[in-house]
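**Q** Sequence plus predicted model, see below.
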There are 2 protein chains.
Amino acid sequence: MAFTPRTPRVVAARRLQRRRDRDATGRFLAEGPQAVREALARPGVVTELFGTTTALDRHPELAATAARADVPISEVTDEALAALAETVAPQGLVAVCRHLDVPLEQALAGAPRLVAVLAEIRDPGNAGTVLRTADAAGAGVVVFAGDAVDPYNGKCVRASAGSLFHVDVVRAADPVEVVDALRAAGLSIFATTGYGDSDLDDLIDYGRLAGPTAWLFGSEAHGLSEELTATADARVRVPLYGRAESLNLAAAAAVCLYASARAQR
Amino acid sequence: MAFTPRTPRVVAARRLQRRRDRDATGRFLAEGPQAVREALARPGVVTELFGTTTALDRHPELAATAARADVPISEVTDEALAALAETVAPQGLVAVCRHLDVPLEQALAGAPRLVAVLAEIRDPGNAGTVLRTADAAGAGVVVFAGDAVDPYNGKCVRASAGSLFHVDVVRAADPVEVVDALRAAGLSIFATTGYGDSDLDDLIDYGRLAGPTAWLFGSEAHGLSEELTATADARVRVPLYGRAESLNLAAAAAVCLYASARAQR
């Protein structure tokens, strides 16, 4: 019989919509077939799969993958699925996942050539979008540094469109320590700021993006802290050719990360 | 005495939050000091300025600019301002503005070298963000084509961060006619699609972005129509270096428009 919103396992999973319960349990929720597919592709990440009968019938390959991995599959009513999901149209599937962040040292052991650092970015949609863009640009490591949003926040997971499961995600309390470790690993550190003294076009022209690079991105409202900006090898502004006063975070990150990707081809 | 939410002029202005009333009157609302400043910089655009006493005192230069332009300034209560504004913290100022889109022929008479076409993009936040990015990249013309969002939608105006007032905005019913007119004006037409046969990096390498260029962007959910894609000079995909399946619209637009801006320097 399908689980209802009052079934204890559904009630427990639903609590993972709150950060406190995610932190306490080391679990989070991923919803929709795309996210569930990406999560299942990472061995050991999914601990339980909830689905409506319709959705499980529609995605037999996902149910089969879960079964092969000994992941419990629970049929739920439409009401239970709606309670577990945060979107209006979750397409019938929600997975409980283990946190998958790794220590910075472990991520750096893979010698990444492109790293994105989200410093104190509080908006989960923005953070997830930059995570997705970083993945697209080939960044193997994304660091959530300082008082940044929880990467397992539902909005962040959804905005990442699966990229949360593709890259090495790192959580680090002190952004300055992150920069020190990145520099020790041989990466150039570039801080993005509207007031930067280096123009992105100049960095490209002078070949300064060809080597291993870490980009620091701050929140749209407050930018990067002065302390952190001062630690970078260059303070970079994206050139404004028109009359806009600035770019939004996701657009600036896309321009910088793709400039690196192209320079590193 | 300050206007209240029930004062007829406040009631009339508030109706502009609805598309039907914007279409019927040719007016729309811009809120917050930045948008009001940019609107006032365009002669004849602002027809009325509403502000709380606090906000008008805090921005005497805006009140002075409005007064010089014979724009009526109305003091409103906090409640009236809250009724006029769509955001929680509108910073006390809302302007009633005239629609400012121009016919495509007029925009093309300025011989723009970079044009962004938003084809059937329904999400106002996405449309406003691309408008802002296009302005930043130096695009002088942004076309809302087909069944696209109303550029005067409050979310779109806010996401554009003032850029709605910087560029030539065009509204056109038929995207294919837009492409024909752009081509006749000597622009190369590039359609962005995840399934494109041309890689953006190749276009850059072969110098194909150096001339006047129009970029076609479709909605994130549905992309560009086949008919429209077929009319382009090239169907361009942004390279995916990592494992992400795609970029979101704002990020893809930023990468393409900045590739053009750099090639046209």
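**A** Structure received.
**Q** neighbours around the residue of the stretch 1-150 of chain A found nearest chain B, how many?
**A** Ranked by Cβ to the nearest Cβ, the top residue of the stretch 1-150 of chain A for proximity to chain B is A:G138, at 3.1 Å. Backbone N, C-alpha and C define where each C-beta goes, glycine included. Neighbour count for A:G138, taken as other Cβ atoms under 10 Å in any protein chain shown: 22.
**Q** Repeat that for A:P90.
**A** With other Cβ under 10 Å as criterion, A:P90 counts 20.
**Q** Leaving out sequence neighbours, find the closest residue to it.
**A** A:E31 (4.6 Å; Cβ to Cβ, 6 or more residues apart in numbering or on different chains).
**Q** Repeat that for A:A181.
**A** Of all residues beyond its chain neighbours, the one nearest A:A181 is A:L104 (5.5 Å), with distances taken as Cβ to Cβ, 6+ apart.
**Q** so that neighbour makes contact with A:V179?
**A** No. At 10.7 Å, A:L104 does not count as touching A:V179 under the criterion of Cβ atoms under 8 Å.
**Q** if you count what's nearby, which of the two comes out ahead?
**A** The residue with more neighbours, out of A:L104 and A:V179, is A:V179; 25 against 21, by other Cβ under 10 Å.
**Q** wait, is the more buried one part of a strand?
**A** No. Under the criterion used here (DSSP: H, G, I helix; E, B strand; the rest coil), A:V179 is helix, not part of a strand.
**Q** Now do it, the pLDDT please.
**A** A:V179 carries a pLDDT value of 98.
**Q** now A:P90
**A** As predicted, A:P90 sits at a pLDDT of 77.
**Q** host element of the residue nearest to A:A185 when sequence neighbours are not counted?
**A** Of all residues not flanking A:A185 in the chain, A:L108 sits nearest, at 4.5 Å (Cβ to Cβ, 6+ apart). Using DSSP states H and E, A:L108 maps to helix A:104-109.
**Q** For that helix, buried residues please.
**A** By 16 or more other Cβ atoms under 10 Å in any protein chain shown, the buried positions in helix A:104-109 come out as A:104, A:107-108.
**Q** and what of stretch A:181-193?
**A** Buried residues in stretch A:181-193, counting neighbours by 16+ other Cβ under 10 Å, are found at A:181-182, A:185, A:187-193.
**Q** Include distance to B:A172 and secondary structure when you put these into a markdown table, please.
**A** Below are the buried residues of stretch A:181-193 laid out as a markdown table (distance: Cβ to Cβ, whole Å; DSSP: H, G, I helix; E, B strand; the rest coil):
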| residue | distance to B:A172 | secondary structure |
| --- | --- | --- |
| A:A181 | 52 | helix |
| A:L182 | 47 | helix |
| A:A185 | 51 | coil |
| A:L187 | 46 | coil |
| A:S188 | 45 | strand |
| A:I189 | 45 | strand |
| A:F190 | 40 | strand |
| A:A191 | 41 | strand |
| A:T192 | 35 | strand |
| A:T193 | 37 | coil |
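**Q** Just put these in a markdown table and tack on distance to A:I121.
**A** Shown next, in a markdown table, are the buried residues of stretch A:181-193 (distance: Cβ to Cβ, whole Å):
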| residue | distance to A:I121 |
| --- | --- |
| A:A181 | 19 |
| A:L182 | 17 |
| A:A185 | 22 |
| A:L187 | 20 |
| A:S188 | 21 |
| A:I189 | 17 |
| A:F190 | 17 |
| A:A191 | 14 |
| A:T192 | 12 |
| A:T193 | 14 |
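**Q** Looking at those residues, which is nearest chain B?
**A** Of all the buried residues of stretch A:181-193, chain B sits closest to A:T192, with 12.9 Å by Cβ to the nearest Cβ.
**Q** List the contacts of the closest one.
**A** For A:T192, the contact set (Cβ atoms under 8 Å, 6 or more residues apart in numbering or on different chains) comprises A:215-218, A:224, A:236-238, A:252-253, A:256.
**Q** Quick check: which of those residues are also close to chain B?
**A** Restricting those to those touching chain B (Cβ under 8 Å from any Cβ of the partner chain) yields A:238, A:252-253.
**Q** Would you format the residues you listed as TSV with pLDDT and neighbour count included?
**A** Compiled in TSV, those are given as follows (pLDDT from 0 to 100; neighbours: other Cβ atoms under 10 Å in any protein chain shown):
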residue	pLDDT	neighbour count
A:V238	97	25
A:A252	96	27
A:A253	97	28
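**Q** What about those, which are in helices?
**A** Taking DSSP state H as the definition of helices, the ones next to chain B among the contacts of A:T192 contribute A:252-253.
**Q** Point out the residues in the stretch 1-150 of chain A that sit beside chain B.
**A** So the stretch 1-150 of chain A meets chain B at A:34, A:129, A:132-140 (Cβ under 8 Å from any Cβ).
**Q** Now a PyMOL select for only the buried ones of those residues.
**A** Buried residues among these (16+ other Cβ under 10 Å), as a PyMOL selection:
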select buried, chain A and resi 129+132+133+134+135+136+137+138+139+140
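**Q** Give the single residue among the residues of the stretch 1-150 of chain A next to chain B positioned nearest to A:A89.
**A** A:Q34 (12.8 Å; Cβ to Cβ).
**Q** Give the full set of residues in contact with that closest one.
**A** A:161-162, B:245.
**Q** Could you do A:A69 as well?
**A** A:A69 neighbours (Cβ under 8 Å, 6+ apart): A:40, A:43, A:46.
**Q** And these, which of them are buried?
**A** Buried by 16+ other Cβ under 10 Å: A:40, A:46, out of the contacts of A:A69.
**Q** pLDDT check: weakest of the contacts of A:A69?
**A** Scanning the contacts of A:A69 for pLDDT, the low point is A:P43. It has 94.
**Q** hey, where'd the helices end up in the stretch 51-200 of chain A?
**A** A:53-58, A:60-68, A:78-84, A:104-109, A:124-136, A:154-159, A:175-184, A:200-205 (DSSP state H, counting those that start in this stretch).
**Q** any chance of these in CSV, plus distance to B:P8?
**A** Converted to CSV, the helices of the stretch 51-200 of chain A look like this (distance: least, Cβ to Cβ, whole Å):
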stretch, distance to B:P8
helix A:53-58, 52
helix A:60-68, 58
helix A:78-84, 43
helix A:104-109, 61
helix A:124-136, 39
helix A:154-159, 40
helix A:175-184, 53
helix A:200-205, 51
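**Q** Okay, domains of chain A per the record?
**A** As assigned by automatic domain parsing, chain A contains the domains A:8-98, A:104-263.
**Q** Out of these, flag the one nearest B:T87.
**A** Proximity to B:T87, assessed across those by Cβ to Cβ, is greatest for domain A:104-263 (13.6 Å).
**Q** roughly how far out does the closest one sit from the chain middle?
**A** Its chain's C-alpha centre and that of domain A:104-263 lie 12 Å apart, by Cα atoms, centre = their mean, to the nearest Å.
**Q** Contact partners for A:F190?
**A** A:198, A:203, A:213-216, A:232-236, A:256.
**Q** Could you give me the buried positions within the helix or strand where A:A24 lies?
**A** Under the criterion of DSSP H and E, A:A24 resides in helix A:19-25. Neighbour-count burial for helix A:19-25, counted by 16+ other Cβ under 10 Å, picks out A:22, A:25.
**Q** average pLDDT for that helix?
**A** 97.
**Q** Next: stretch A:108-125.
**A** Here the average pLDDT along stretch A:108-125 is 96.
**Q** pretty sure A:A250 belongs to a strand, no?
**A** No. Read with three-state DSSP, A:A250 is helix and lies in no strand.
**Q** Would you quantify the distance from it to chain B?
**A** Counting by Cβ to the nearest Cβ, to the nearest Å, the gap from A:A250 to chain B is 5 Å.
**Q** Give me the neighbour count for that residue.
**A** Neighbours of A:A250 (other Cβ under 10 Å): 27.
**Q** looking at it, it is touching B:L247, isn't it?
**A** No. Contact criterion Cβ under 8 Å: A:A250 and B:L247 do not qualify, at 9.7 Å.
**Q** Need the residues touching each of these two.
**A** What both A:A250 and B:L247 touch, as defined by Cβ under 8 Å, 6+ apart, is the set A:T133.
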